[in-house]
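**Q** Sequence and computational prediction follow.
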Amino acid sequence: MPSFSMAKRDQENEPRSSASEAGSPFGAPVTIALSDSIDLHPFQPRDIPSVVEQYLEQCMRSGFTEVRLIHGKGKGIQRNIVRSLLSKHPAVRSFRDAPTEAGSWGSTIVVLEQPN
């Protein structure tokens, strides 16, 4: 089964201010089984752009044409960040709110371009 790996940040070589913000509890890259959805809740807000980017790249390589990003409802801030990224991503064909049973506006369905 394909997996999705998030590399640990190199805290020693980062500027002091960002290194102090990067307190990862993991000593090595985190590997997640790749599926057609990802829950963004466990990730730090500052990491969401890179997580979404890497996730979409892995999904495309694995042949997924539609995926679901679970960002939560809350005040809609995370949703807006995710959708801003999606609107600029060259591999994103379209995106929309998930159906009610799949999270409604707390999740976004993304349709990816199919490789030629």
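**A** In hand now; what should we look at? Numbering: from 1, shown residues only.
**Q** where's the residue nearest the centre of the chain, which helix or strand?
**A** The residue lying closest to the centre of the chain (C-alpha atoms, centre = their mean) is Val52, at 2.4 Å. Using DSSP states H and E, Val52 sits in helix 48-61.
**Q** Can you mark which positions in that helix are buried?
**A** Ile48, Val51, Val52, Tyr55, Leu56, Gln58, Cys59, Met60 (16 or more other C-beta atoms under 10 Å). Using the backbone N, CA and C atoms, a C-beta is placed for each residue, glycine as well.
**Q** and for it, what are the contacting residues?
**A** 2, 4, 6, 34, 36, 38, 40, 43, 67, 69, 71, 78, 81-82, 85-86, 89, 91-92, 110, 112-113, 115 (C-beta atoms under 8 Å, 6 or more residues apart in numbering).
**Q** If we use 10 Å, what do you get?
**A** Among residues not part of helix 48-61, those counted as contacts by C-beta atoms under 10 Å, 6 or more residues apart in numbering are 2-7, 9, 32, 34-38, 40, 42-44, 47, 64-67, 69, 71, 78, 81-82, 84-86, 89, 91-92, 108, 110, 112-115.
**Q** Among these, name the buried ones.
**A** Here, 16+ other C-beta under 10 Å leaves 4, 6, 9, 34, 37-38, 40, 43, 47, 64, 67, 69, 71, 78, 81-82, 85-86, 89, 92, 108, 110, 112 buried among those.
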